[in-house]
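>>> this is the structure alone, sequence omitted:
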């Protein structure tokens, strides 16, 4: 025969299990959502050409392996450990941002050098081209070559003392 204490104990155990199950399910869902978001960002970065295919593949694979292992042991992740677990996809996202910036910097430097060749060609055709001197100075500045930039701005001012962009940029360089 079943007494009231047995039923109450059974209901308490079911309640505790369902509460643990809900918490475990919630944590699993959160981890999966964060991982899916990070993977989507990786794929979009790869499609945009911001990171290479192999870099994206390795990052996605690492993320999936880590998250699968985490989901299998989700009950053991409590408090700070759970927050660290959620930080894994964010760390992958940060790695992608670093790779994107490194890639765009090298791409930008190549673009700047290409434009510099065009400005230098313009100056060979017309040495009195004030705009080409200013743009060439801007290019040197983007590459971190302040002396060459100042020289180009001075050349532009020698040709046109009223060239306000060259004057402003030269003064800013001299203050720095």
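Yep, that arrived. Bear in mind the structure is a predicted one, so any value in this text is a computation, not a measurement.
>>> which helix or strand contains the residue lying closest to residue 142 once chain neighbours are set aside?
Nearest residue to residue 142, sequence neighbours excluded (CB to CB, 6 or more residues apart in numbering): residue 112, at 5.0 Å. In this view, the C-beta of every residue, glycine as well, is placed from N, C-alpha and C. Element membership of residue 112 [criterion: DSSP states H and E] is helix 79-125.
>>> list the contacts for the residue nearest to residue 142?
139, 142-143 (CB atoms under 8 Å, 6 or more residues apart in numbering).
>>> which residues in this protein form helices?
Under the criterion DSSP state H, the chain contains helices at 4-47, 53-72, 79-125, 130-142, 146-159, 164-175.
>>> so which bits of the fourth one are buried?
Going back to what we said before, that points to helix 130-142. For helix 130-142, the buried set under the neighbour-count rule, 16 or more other CB atoms under 10 Å, comprises 130, 132-142.
>>> okay, who's weakest in those by pLDDT?
Summarising pLDDT for those: the lowest-scoring member is residue 142, with 84.
>>> ok, residue 63 - how many residues close by?
With neighbours defined by other CB atoms under 10 Å, the count for residue 63 comes to 22.
>>> touching, it and residue 37? I think so.
No - with contact defined as CB atoms under 8 Å, residue 63 and residue 37 do not form a contacting pair (10.5 Å).
>>> adding distance to residue 174, write the contacts of residue 112 out as JSON lines.
JSON lines is the format used below for the contacts of residue 112 (distance: CB to CB, whole Å):
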{"residue": "139", "distance to residue 174": "19"}
{"residue": "142", "distance to residue 174": "18"}
{"residue": "143", "distance to residue 174": "19"}
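>>> closest one of the residues you listed to residue 152?
Closest approach to residue 152 among those (CB to CB): residue 139, at 8.5 Å.
>>> excluding its backbone neighbours, what's nearest the closest one?
With sequence-adjacent residues excluded and distances taken as CB to CB, 6+ apart, residue 139 is closest to residue 116, at 4.6 Å.
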